[in-house]
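J.: can you look at this prediction? I've put the sequence above it.
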Amino acid sequence: MPGATLDGGARVPGTRYQPDPVSAALATAVLGGGRAEVLAALSNAWLDGGALRSCRHAPNTGSRKSWAAPDATSRGVWLALMCLRGEMAYPSALTAPG
């Protein structure tokens, strides 16, 4: 989305960043959300918890590897849909230090 930034840049799956915030932001923008909705989806995704894709990389590989990535992506899309319906943002989730 033009004008939206993520400190350190968005990373592709397999890096240290969670896919949920990237999936949520992208899905919100693709579904027609504006800056406010994208930021709401990002803040909700950031608060949503740990990355499910962490089980795809050593030393945490296991059977969960087969469904973790689609599940993380679906959570991002779900958050996008919620924010397009008016779910509130949590600005401090994106601005808190550390």
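T.: The structure has been received and is ready for your questions.
J.: which regions of this protein sit below the pLDDT cut-off?
T.: Applying pLDDT under 70 to the chain flags residues 1-19, 49-57, 64-65, 98.
J.: so who does Gly33 touch?
T.: Ala41, Ala80, Cys83, Leu84 (C-beta atoms under 8 Å, 6 or more residues apart in numbering). C-betas here are computed from N, CA, C, even on glycine.
J.: top of these by neighbour count?
T.: In terms of neighbours by other C-beta atoms under 10 Å, these top out with Ala41 at 32 neighbours.
J.: is that residue in contact with Trp78, as I believe?
T.: No - contact criterion C-beta atoms under 8 Å: Ala41 and Trp78 do not qualify, at 9.8 Å.
J.: what about the strands in this structure?
T.: Under the criterion DSSP state E, the chain carries no strands.
J.: the helices in it, which residues?
T.: Per DSSP state H, the chain carries helices over the ranges 19-30, 35-47, 65-84, 92-95.
J.: of those, which approaches Ala58 most closely?
T.: In terms of C-beta to C-beta, the element of those nearest to Ala58 is helix 65-84, at 10.8 Å.
J.: rewinding a little: closest to Ala24 out of the contacts of Gly33?
T.: Nearest to Ala24 among the contacts of Gly33, counting by C-beta to C-beta, is Ala41 at 4.0 Å.
J.: how about the contacts made by the closest one?
T.: Residues in contact with Ala41 (C-beta under 8 Å, 6+ apart) are Ala24, Ala25, Ala27, Thr28, Gly33, Gly76, Leu79, Ala80, Met82, Cys83.
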